[in-house]
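K.L.:
3D, please:
(one chain, ligands or ions: 2)
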Amino acid sequence: MKAPIRVTITGAAGQIGYAALFRIANGDMLGREQPVILQLLDLPQAQGALRGVMMELEDCAFPLLQQVIITDDPKVAFKDTEIALLIGARPRSKGMERKDLLEANGAIFSAQGKLLNEYAARHVKVLVVGNPANTNALIAMKNAPDLDPRNFSAMMRLDHNRAIAQIAQKLFQPIRDIKKMIIWGNHSGTQYPDLDHAEIRGRLVRDILPDQDWVENTFIPSVQKRGAAVIEARGLSSAASAANAAVGHIHDWMLSSHHNDWVTMSVPSDGSYDIPEGVLYGFPVTCKNGHFKIVQDLPISELGRKHMLDSHRELMEERELVKHLFA
Ligand SMILES: NC(=O)c1ccc[n+]([C@@H]2O[C@H](COP(=O)([O-])OP(=O)(O)OC[C@H]3O[C@@H](n4cnc5c(N)ncnc54)[C@H](O)[C@@H]3O)[C@@H](O)[C@H]2O)c1
Ligand SMILES: O=C(O)C[C@H](O)C(=O)O
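P.N.:
Ligands and ions are numbered 1, 2, ... in the order given. A predicted model of the protein is given here:
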């Protein structure tokens, strides 16, 4: 039996937490042979609900679930953690943009960055889900100077999955055949869902779907605005699909991305594709042995470059607004 991995989930009593926990305990995130210890954090007023969630986890009798710790103390939740899903934050409601949450949520991530720096395992992998995810991840990273910045990421996998689903529906093709999707930039309305490299059974999707008007006026905006469309329909922001994306993000980071494919992760920019250092930005990456590598040398169209720079500009504006939260 392998040694258990400690997984911290913040906002564990919230809707994404509820949808993620049972998947993780079932082995969907780290594999069917990897025991886990869940360290669940939520606010004091949510401890009752969290106790209920723990009871339900117990009642599933998951063979891989070795221990569940519930707490309102982040020091307890982050102690020796090896994977931290930072979900706990306010969601937006109808009519808000994700960056409207910066004020309310930014402070959470500076405090949690400091605590991760102090209490987490040195190899901890951090996935920020709470919005605005890219900039919150930057805040956490900037407050954790002793941890490798490459261990901080933000979630763009939901956008990636949404884009694949749109193409599968448009072409009446199975999801599993659609590869090499990319979402560049920010998890916001400026993200750039890039179809130029996507393949279906080895053929470029662009060759099968030459309808540029559909790509520009339907595909790109519908992926960019899908979060708002779900809020409009449900009255609440995406939860199960967000949890599924978080499980997929960590799964691939830890256990490798698929052969001849890549995934989108928001990671610290390193100058690749002329996106300057200083923000967390969605890039296509491959993962192996717990490390990601940004896919290099993809040709970028003129339209694509414009979208990529617009999204970078927005991230720089967000960065400017939260600079006071950096350690
Ligand atoms: N990146 C993405 O693709 C993506 C997708 C969906 C949602 N989100 C974001 O994820 C976040 C959570 O969404 P949700 O629907 O689960 O919200 P929710 O309101 O259902 O749950 C949030 C939980 O976090 C807790 N919480 C708040 N502050 C906390 C703190 N400082 N420490 C620990 N726990 C804290 C709350 O008590 C609550 O239980 C939101 O910011 C939402 O916008 C991101
Ligand atoms: O859109 C939101 O506010 C929630 C989430 O980021 C999403 O993309 O569904």
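
K.L.:
pLDDT value on the nearest residue to Ala327 once chain neighbours are set aside, please?
P.N.:
Ranked by CB to CB, 6 or more residues apart in numbering and with sequence neighbours excluded, the top spatial neighbour of Ala327 is Asn143, at 4.6 Å. In this view, the C-beta of every residue, glycine as well, is placed from N, C-alpha and C. Model confidence at Asn143, given as pLDDT, is 98.

K.L.:
how about the residues of the stretch 101-250 of the chain near ligand 2?
P.N.:
Within reach of ligand 2 by CB under 6 Å from any ligand atom, the stretch 101-250 of the chain has these residues: Asn131, Leu158, Gly227, Ala228, Val230, Ser237, Ser238.

K.L.:
Now flag whichever of those residues is closest to ligand 2.
P.N.:
Nearest to ligand 2 among those: Gly227, at 2.2 Å, using CB to the nearest ligand atom.

K.L.:
who touches that closest one in this structure?
P.N.:
Counting by CB atoms under 8 Å, 6 or more residues apart in numbering, Gly227 makes contact with Arg98, Leu158, Ser237, Ser238.

K.L.:
With His307 instead?
P.N.:
Trp184, Gly185, Thr190, Tyr192, Asp194, Ile220 are the contacts of His307 under CB under 8 Å, 6+ apart.

K.L.:
ok, now Ser93?
P.N.:
By CB under 8 Å, 6+ apart, the residues touching Ser93 are Ile231.

K.L.:
Quick check: it is in a strand.
P.N.:
No. Counting by DSSP: H, G, I helix; E, B strand; the rest coil, Ser93 is not part of a strand but coil.

K.L.:
ok, and the most crowded of the contacts of Gly227?
P.N.:
Highest neighbour count within those, by other CB atoms under 10 Å: Leu158, with 26 neighbours.

K.L.:
would you list every one of the helices in the stretch 151-300 of the chain?
P.N.:
Per DSSP state H, counting those that start in this stretch, the stretch 151-300 of the chain carries helices over the ranges 157-171, 205-208, 212-214, 220-224, 226-234, 240-255.

K.L.:
could you redo these as a markdown table and give each row mean pLDDT?
P.N.:
Formatted as a markdown table, the helices of the stretch 151-300 of the chain follow (pLDDT from 0 to 100):
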| stretch | mean pLDDT |
| --- | --- |
| helix 157-171 | 98 |
| helix 205-208 | 95 |
| helix 212-214 | 93 |
| helix 220-224 | 98 |
| helix 226-234 | 96 |
| helix 240-255 | 98 |
